[in-house]
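Engineer: pasting the sequence and the predicted model now:
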Amino acid sequence: MELRARDLAVARGGVPVLQGVDFALAPGRTLVLRGPNGSGKTTLLRTVAGLQPPLAGEITGAGERIAYAAHADGLKATLSVDENLAFWARVFGRDDIARARAAFALDELRDRPAGSLSAGQKRRLGLARLMVTGRPVWVLDEPTVSLDAASVALFADAVRAHLGQGGAALIATHIDLGLDADVLDVTPFRATARLSASDEAFL
Ligand SMILES: Nc1ncnc2c1ncn2[C@@H]1O[C@H](COP(=O)(O)OP(=O)(O)OP(=O)(O)O)[C@@H](O)[C@H]1O
């Protein structure tokens, strides 16, 4: 099933940020969002992930198919690496964490409290959680922040494996991940109208 956005308009803090966004993301494919700082990539991802409603337009193929990884890692600091993964797996009704742990080179860190990990190790753990969700559409906001070159390569491998199993990925990133990806530059979709609260009632 495709993830699709049709004529989507999104807002941040009540201010329209993007409008007229259309894209389709098929199983097995990656779509990379590009655009300068503040152009609306995070806002678009949050809307696709269902964390905020669109101002206008339609999203299909999202909802419970999405696993979202935001800027913040959102880890439980006092729980170990394994406990964090197991907790997350349970939330999604699953129990296999070994594959995710290995894919992100976390085996040697499995008993360490997440709060004691380095920034890059925390990020690897945050990304490993995607694998335990079992969800087909990964929505990722700057996933490689804090990662060294070797960890970026691990991440790209994990995405490739996910695509190979029929998954899909929507990724905001400023770097080249070496993936065979489609690219959507959000710059042309910047919202022109700055609507007041009273105008919004007529949308
Ligand atoms: N909490 C907020 N309340 C109001 N406006 C916000 C908030 N967060 C971001 N914005 C504004 O919304 C617009 C879009 O921001 P967004 O974070 O979506 O951009 P981005 O393309 O992801 O940027 P970056 O590349 O810097 O991560 C910007 O003008 C930003 O200043």
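Structural biologist: Perfect, thanks for sending it. Numbers count the residues shown, from 1 in each chain.

Engineer: and residue 36, how many neighbours?
Structural biologist: Residue 36 has 11 neighbouring residues, counting by other CB atoms under 10 Å. Heads up, the C-betas are built off the backbone N, CA and C, glycines and all.

Engineer: that should have said residue 19, apologies.
Structural biologist: Neighbours of residue 19 using other CB under 10 Å come to 19.

Engineer: the one 4 residues further on too?
Structural biologist: Residue 23 has 18 neighbours, counted by other CB under 10 Å.

Engineer: show me the contacts for it.
Structural biologist: Applying CB atoms under 8 Å, 6 or more residues apart in numbering, we find residue 23 in contact with 4, 5, 31, 184.

Engineer: now residue 179
Structural biologist: Contact analysis of residue 179 by CB under 8 Å, 6+ apart lists 30, 32, 156, 159, 160.

Engineer: please repeat the previous calculation with a cut-off of 7 Å.
Structural biologist: The contact partners of residue 179, taken as CB atoms under 7 Å, 6 or more residues apart in numbering, are 30, 156, 159, 160.

Engineer: for residue 39, same thing?
Structural biologist: By CB under 7 Å, 6+ apart, the residues touching residue 39 are 186, 187, 190.

Engineer: which PyMOL command selects the buried ones in those residues?
Structural biologist: Entered in PyMOL, the line below selects the buried ones among the contacts of residue 39, by 16 or more other CB atoms under 10 Å:
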select buried, resi 186
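
Engineer: redo the contacts of residue 39 as JSON lines? Include secondary structure.
Structural biologist: Converted to JSON lines, the contacts of residue 39 look like this (DSSP: H, G, I helix; E, B strand; the rest coil):
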{"residue": "186", "secondary structure": "coil"}
{"residue": "187", "secondary structure": "helix"}
{"residue": "190", "secondary structure": "strand"}
